[in-house]
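# need a 3D model of the following:
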Amino acid sequence: MDTHTTSQKIEITARQWLSDLTFELVIQRPQNLKFYPGQRIRIMHAAGERDYSLASGVDDKELVLCIRLVEQGKVSKFLSTCDLPAEIPIKGPYGYFTFRPSSRQAIFVATGTGIAPFCSMVRSGIDGFILLHGVHQSADLYYRDLFQPAAKTYMACLSNVDQESEAFFHGRVTEYLQKRLPLGSYDFYLCGNRGMIRDVTRLVDRRFSNSLVYTEMFY
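Residues are numbered from 1 along each chain as shown. A predicted model of the protein is given here:
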């Protein structure tokens, strides 16, 4: 499902910090760039290259990336501090982490900036899903206002709190799935860190028979 793999230059036009370590980039969209919601692009820089999922809708005039600043990440550091506007080369889009409609309930599970491809899906018109967003604290729940109107259930799973409220679940996304999600068959879409994807996949195998699992790993 890769749609465009040759290199081309784009212009970063804006940067906005969403939390202490997470920022959003707005990029001028090349006229020939078409993508499916859930796909990613590759940003190339002298220090290296890095793939980032698109957070924009397929018909949006600009592209949006949601990026976590990594202490040892040369590309994310450059993107977080470079003077704007800045012109950089990209490749893509790439990837197969795209929505596949079915009769089963879709469960979106994200940790941190793994929320980005789900932003693209919602901005492209997908709704009726159950979304779990696992973060440390409520300040990291960027895009909450985007998801709440579109989701059947939006549940923030916060690991750095000591009690639950109606607005969030105290614990990891795996704990929510084990304690709160009724037994049944679902389509699970998992995007985030390696540990979450491993643990949820194992849980699905044990608890939710005849379910499908689609994954996109963030490093």
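# low pLDDT regions in the chain?
For the chain, the stretches with pLDDT under 70 are 1-5, 162-164, 219.
# could you point out the longest helix in it?
Ranked by residue count, the top helix of the chain under DSSP state H comes out as helix 194-207.
# quick one: stretch 157-176 to chain centroid distance?
On the basis of CA atoms, centre = their mean, to the nearest Å, stretch 157-176 sits 19 Å off its chain's mean C-alpha point.
# mind listing residues that contact that stretch?
109, 111, 132-138, 155-156, 179-180, 196, 199-200, 203 (CB atoms under 8 Å, 6 or more residues apart in numbering). Using the backbone N, CA and C atoms, a C-beta is placed for each residue, glycine as well.
# taking those, please make a PyMOL selection of just the buried ones.
With 16 or more other CB atoms under 10 Å as the criterion, this PyMOL line picks the buried residues out of the contacts of stretch 157-176:
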select buried, resi 109+111+132+133+134+135+155+156+196+199+200+203
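# just the contacts of stretch 157-176: which are in helices?
Cross-referencing those against helices under DSSP H gives K179, M196, D199, V200, L203.
# next up, the contacts around the first one.
Counting by CB under 8 Å, 6+ apart, K179 touches G171.
# likewise the last one?
By CB under 8 Å, 6+ apart, the residues touching L203 are T174, L177, Q178.
# what's the distance between it and A46?
42 Å (CB to CB, to the nearest Å).
# do Q137 as well
Distance, Q137 to A46, by CB to CB: 34 Å.
# tell me where the chain has helices.
According to DSSP H, the helices that the chain contains are 74-81, 116-123, 144-147, 173-179, 194-207.
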